[in-house]
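Asker: sequence plus the predicted model coming up.
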Amino acid sequence: GTAGWAALPFAWRGVRLHASGARELRVRLTPSGDRVALSVADGTGTPVASVESLVLRPFSAGQLSAAPADALFEVEWIVAPGSASDEATRTPDGALPETHRDLSTVPEPAPEDVLVTLEPGEATGPAAVREATVRALTLVRRWLEDERFDASRLVLLTRGAMVTSPGDGAPDPALAAVWGLVRTAETENPGRFALIDTDATDASHAALAEAVRNGERESALRRGQLRLPRLARPTPAPLVPPEGASWRVDVTGSRSLDALAVVESAEAVRELGAGEVRVAVRAAGVNFHDVVVGLGLVDGESVLGSEGAGVVVDTGPEVADLRVGDRVTGLFPGAFAPMVVAEARALVRMPEEWSFVAAAGVPVAFMTAYYGLADLAGLRRGESVLVHSAAGGVGMAAVQLAREWGVEVFATASPSKWDQVVAGGVRRERVFSSRTTDFAAGVLAATGGRGVDVVLNSLAGEFVDASLDVLACGGRFVEMGKTDIRDGERVRAAYPDVSYRAFDLAEAGPARLGEMLRDVVRLLESGVLRHPPVSVWDVRRVPEALRFMSQARHVGKVVLTMPVVGGRV
Ligand SMILES: NC(=O)c1ccc[n+]([C@@H]2O[C@H](COP(=O)([O-])OP(=O)(O)OC[C@H]3O[C@@H](n4cnc5c(N)ncnc54)[C@H](OP(=O)(O)O)[C@@H]3O)[C@@H](O)[C@H]2O)c1
């Protein structure tokens, strides 16, 4: 090409496909003025496609820089004005609308809005997409053909078809395809269709009438909150890491997550010491500690990330059991980076079938819960534990481990997350709010005034006092938070029958950390423990990911994915 400009395809004419399924292609271009003709053949010379003419238009670097810098938009699911807050405790404001499985049960005359629920079918994979779209197409055609429905709107209800925020998890591809189909039908027949995607929580069910009344073509209900898709400028602009592996995400000083930046870092390419390995990071787990450091609230700490999963690309001296090419998970210092140096002892090989994202969320949460409950509190079968913030990373791990060890679990969490805590096996009457100290009365009432044997704490202030109040005689208070560490002597003076211990996971030392991690991975692999739910963000969106966590909107773990550097690993 000519320096400074490139030719972009502009108009195609006479495009013919002769065959499909070729695994390699040879393309012959025949230029003629501002256009080219193309003939495409497979490896044996058999014609695959031909194009009579493709008009090319020059495009220069100057045009690129002249383009408006803020021309990029994305779909953002905003909270509908006046919609309830994101809480699971909502009750219906009026009668719940009637829903149907197909059109046969719709009464006559048909109501203004006819709600049909599109349940996922039996099939999986591509067959599920086909089955769901064929079902939806049949429904749409019947709806349009039947005069009884001429004055009505068909509102299709789906579950998990749309991602309205990273916390939603992956969308159901079959139902997402149905959304595409119904959108097209709506464009062709304005006012005749609408789509509502729910998360199937009781609160969202209660808000269904509000969503229908709203009259939007597309909406979603999440934990009782009505959300609407709107075009918005991406904010803040994503971070732009340089090529190569010599960078990491860092705190640049000002007390805002928007001040996080990508900085040059030679740490990952330094010479390896004894027992060290170099790892190409593929995913990094986010911990609440990263939020605090990211906000610049921890003096002297600016390195983000402490765990992840990736591939060993180099080993130092005295590394016996890891080799280049091993997929590993464990503690990665400065993990918000494409390459790190880690201690081999704090890493384990990942089971074959684990994704990097799933593996990256395991180490810190499970090891912290394990160390706090087993090593420090000495929790035993038949005892009881109160786990605070039980829908978070450490909390979910703690609930699972405690249950596995035959311990009775009491838990706190935001009310909007209670469903998940109950789904994790905690009895509903033992789940309390993490935002008021009412849990203390609840726990005492549920234990006949005795209290619990262990508290795993991360809350502060009056929550600490209330938690100390619910410890049974001989109880152990294990503090993993950093913001309200009490003086052990004073606690002993006020509560002579209980022990108080604050800790940091690092104190376990690399040998014990490795041991615990191996045990946790084994329990996860055998199905005794389950991976927590994960919200995934690209590392370039790290300020948003940390903000999401700081607002406690997540359940389980938040994980960042990294670009692959240094070739394919
Ligand atoms: N000592 C150690 O070595 C160590 C290691 C790992 C973690 N930790 C500590 O353990 C705790 C849990 O860590 P994690 O990474 O697993 O985080 P996380 O539990 O996933 O997230 C923190 C949780 O805190 C709860 N929370 C209560 N009040 C809050 C408020 N005012 N603002 C924001 N969140 C609030 C939220 O749950 P609800 O919405 O349910 O209330 C939120 O999900 C943190 O305190 C962390 O520093 C300590």
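Answerer: Noted; the coordinates are in hand.
Asker: going forward, measure contacts between C-alpha atoms and count neighbours the same way
Answerer: Noted.
Asker: distance of Ser104 relative to the ligand?
Answerer: Distance of Ser104 to the ligand, given as Cα to the nearest ligand atom, to the nearest Å: 43 Å.
Asker: repeat for Arg450
Answerer: On the measure of Cα to the nearest ligand atom, Arg450 and the ligand end up 25 Å apart.
Asker: what about that residue, how many residues nearby?
Answerer: Using other Cα atoms under 10 Å, Arg450 is surrounded by 14 other residues.
Asker: check Thr105 too.
Answerer: 9.
Asker: tell me the predicted confidence for it.
Answerer: Predicted confidence (pLDDT) for Thr105: 95.
Asker: go on, Val263?
Answerer: Taking Val263 on its own, its pLDDT is 92.
Asker: three-state assignment of it?
Answerer: Three-state assignment for Val263 (DSSP: H, G, I helix; E, B strand; the rest coil): strand.
Asker: in the sheet, who's paired with it?
Answerer: As for beta bridges, Val263 partners with Arg248 under DSSP bridges.
Asker: show me the contacts for it.
Answerer: Residues near Val263 by Cα atoms under 8 Å, 6 or more residues apart in numbering: 247-250.
Asker: do that again at 10 Å, thanks
Answerer: Going by Cα atoms under 10 Å, 6 or more residues apart in numbering, Val263 touches 241-242, 246-252, 337.
Asker: near the ligand, from these?
Answerer: With the criterion set as Cα under 6 Å from any ligand atom, no member of the contacts of Val263 is near the ligand.
Asker: of those residues, which is the most crowded?
Answerer: Ala337 (31 neighbours).
Asker: ok, it to the ligand distance?
Answerer: 19 Å.
Asker: do Ala493 as well
Answerer: Distance from Ala493 to the ligand, by Cα to the nearest ligand atom: 24 Å.
Asker: what about that residue, neighbour count?
Answerer: The burial count for Ala493: 10, using other Cα under 10 Å.
Asker: for it, pull up the helix or strand it's in.
Answerer: Assigned by DSSP states H and E, Ala493 belongs to helix 488-494.
Asker: against which helices or strands is whichever helix or strand comes after that helix packed?
Answerer: Remark: after helix 488-494, the chain's next helix or strand is strand 499-502, criterion DSSP H and E. The contact analysis (3 or more Cα pairs under 10 Å, 6 or more residues apart in numbering; DSSP states H and E) places strand 499-502 against strand 452-457, strand 471-479, helix 488-494.
Asker: worst average pLDDT in the ones you listed?
Answerer: Minimum mean pLDDT among those: helix 488-494, a mean of 94.
Asker: surely Thr105 meets Pro111?
Answerer: No: in this structure Thr105 lies outside contact range of Pro111 using Cα atoms under 10 Å: 12.0 Å.
Asker: what's Thr412 in contact with, if anything?
Answerer: Thr412 neighbours (Cα under 10 Å, 6+ apart): 386-391, 395, 418, 421, 430-437, 439.
Asker: let's go with 6 Å and repeat that
Answerer: Contacts for Thr412 (Cα atoms under 6 Å, 6 or more residues apart in numbering) come out as 388-390, 431-434.
Asker: do Val470 as well
Answerer: 440, 451.
Asker: where does it sit relative to Phe439, distance-wise?
Answerer: 9 Å (Cα to Cα, to the nearest Å).
Asker: would you tell me which residues of this structure are close to the ligand?
Answerer: Counting by Cα under 6 Å from any ligand atom, the chain sits next to the ligand at 287-289, 364-365, 368, 389, 391-395, 413-414, 434, 458, 480-481, 503-505, 550-552, 556-557.
Asker: list the buried residues for the host helix or strand of Val312?
Answerer: Taking DSSP H and E as the criterion, Val312 maps to strand 307-315. Residues of strand 307-315 classed as buried: 307-315 (neighbour count, 16 or more other Cα atoms under 10 Å).
Asker: re earlier: in strands, which of the contacts of Thr412 fall?
Answerer: The strands, defined by DSSP state E, take in 431-433 from the contacts of Thr412.
Asker: dump those residues to TSV, plus neighbour count and pLDDT.
Answerer: What follows is those, written out as TSV (neighbours: other Cα atoms under 10 Å; pLDDT from 0 to 100):
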residue	neighbour count	pLDDT
Val431	26	98
Phe432	24	98
Ser433	18	97
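Asker: between those residues, which is nearest the ligand?
Answerer: Nearest to the ligand out of the ones in strands among the contacts of Thr412 is Ser433 (Cα to the nearest ligand atom; 7.4 Å).
Asker: so who does that closest one touch?
Answerer: Shown in contact with Ser433 (Cα under 6 Å, 6+ apart): 412-415.
Asker: what residues are bridge-paired with it?
Answerer: Ala413.
Asker: measure it to His388 for me?
Answerer: 9 Å.
Asker: got it, and Leu208?
Answerer: For Leu208, the distance to His388 - Cα to Cα - is 32 Å.
Asker: pLDDT below threshold where in the stretch 1-150 of the chain?
Answerer: Along the stretch 1-150 of the chain, segments meeting pLDDT under 70 span 1-4, 69, 85-94.
Asker: try 80 this time
Answerer: Within the stretch 1-150 of the chain, the segments meeting pLDDT under 80 span 1-5, 61-71, 84-95.
Asker: swap in the stretch 151-300 of the chain?
Answerer: Short version for the stretch 151-300 of the chain, where the test is pLDDT under 80: 166-170, 234-237, 253-254.
Asker: redo that, cut-off 70
Answerer: Short version for the stretch 151-300 of the chain, where the test is pLDDT under 70: 167, 235.
Asker: so where do the strands sit in it?
Answerer: In the stretch 151-300 of the chain, the strands defined using DSSP state E, counting those that start in this stretch lie at 153-159, 193-198, 218-222, 225-232, 247-251, 260-264, 276-286.
Asker: please identify the most buried of those.
Answerer: Greatest average neighbour count among the strands of the stretch 151-300 of the chain goes to strand 276-286 (a mean of 29), per mean count of other Cα atoms under 10 Å.
Asker: tell me the strands beside that strand, with direction?
Answerer: When DSSP bridges is applied, strand 276-286 pairs with strand 307-315 (antiparallel), strand 339-343 (antiparallel), strand 557-561 (antiparallel).
Asker: and Phe477, how far from Tyr495?
Answerer: Phe477 is 11 Å from Tyr495, by Cα to Cα.
Asker: the more surrounded of these two?
Answerer: Each of Phe477 and Tyr495 has its neighbours counted (other Cα under 10 Å); Phe477 has more, 27 against 16.
Asker: dump the residue contacts of the more buried one.
Answerer: Applying Cα under 6 Å, 6+ apart, the residues contacting Phe477 are 454-455, 499-500.
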